[in-house]
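S.K.: Sequence first, predicted model second:
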Amino acid sequence: MNVTSADTGFMAGFNGLHEMVVGEFLISPMLVYALVALLAAGLIRSLLHRLLANHELWFEAWFDISLFIICLASVVALVT
């Protein structure tokens, strides 16, 4: 019986939570994930704004923060 390790294959040894080296600087992956989530939340927000025919949200700031957190959790879950 062959037992295969979870570390074999396409993403062998990849851990999405380690710092990335850019030149001489270490960049936190959460910074990159937050920027991707911010772009995704902005895109979803503009699409919802157009689809809902400019209806106002009662608590627009809470909606924007919640949408960003959902997008950030999705990005982190997809990468790790």
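M.R.: Ah, there it is. Numbers count the residues shown, from 1 in each chain.
S.K.: Residues contacting the helix ranked longest in the chain, please?
M.R.: Counting by DSSP state H, the longest helix found in the chain is helix 29-51. Contacts to helix 29-51, defined as CB atoms under 8 Å, 6 or more residues apart in numbering, come from residues 16-20, 64, 67-68, 70-72, 74-76, 79. C-betas here are computed from N, CA, C, even on glycine.
S.K.: if you set the cut-off to 6 Å instead, what comes out?
M.R.: 17, 67-68, 71-72, 75-76 (CB atoms under 6 Å, 6 or more residues apart in numbering).
S.K.: among the residues you listed, which two are most distant?
M.R.: Taking CB to CB as the measure, the contacts of helix 29-51 span a maximum distance of 23.1 Å, between Leu17 and Leu67.
S.K.: ok, back up a step: so for the longest helix of the chain, what gets flagged as buried?
M.R.: 29, 33-34, 36-37, 40-41, 45 (16 or more other CB atoms under 10 Å).
S.K.: Please give me every residue in contact with the most centrally placed residue in the chain.
M.R.: Geometric centre of the chain, nearest residue: Val75, 2.5 Å, by CA atoms, centre = their mean. Each residue near Val75 by CB under 6 Å, 6+ apart is listed here: 33, 36-37.
S.K.: and Val32, how far is that from Trp58?
M.R.: Taken as CB to CB, to the nearest Å, the spacing of Val32 relative to Trp58 amounts to 33 Å.
S.K.: Between helix 29-51 and the strand or helix carrying Val75, find me the angle.
M.R.: Using DSSP states H and E, Val75 sits within helix 60-79. Angle between the axes of helix 60-79 and helix 29-51 is 130 degrees (criterion: axes from the mean of the first three to the mean of the last three CA atoms, to 10 degrees).
S.K.: What's the mean pLDDT across stretch 69-77?
M.R.: Confidence over stretch 69-77 (mean pLDDT, whole number) is 95.
S.K.: Look up how far Phe25 lies from the nearest residue to Ser28 once chain neighbours are set aside.
M.R.: Of all residues not flanking Ser28 in the chain, Glu19 sits nearest, at 6.2 Å (CB to CB, 6 or more residues apart in numbering). Distance from Glu19 to Phe25, counting by CB to CB: 9 Å.
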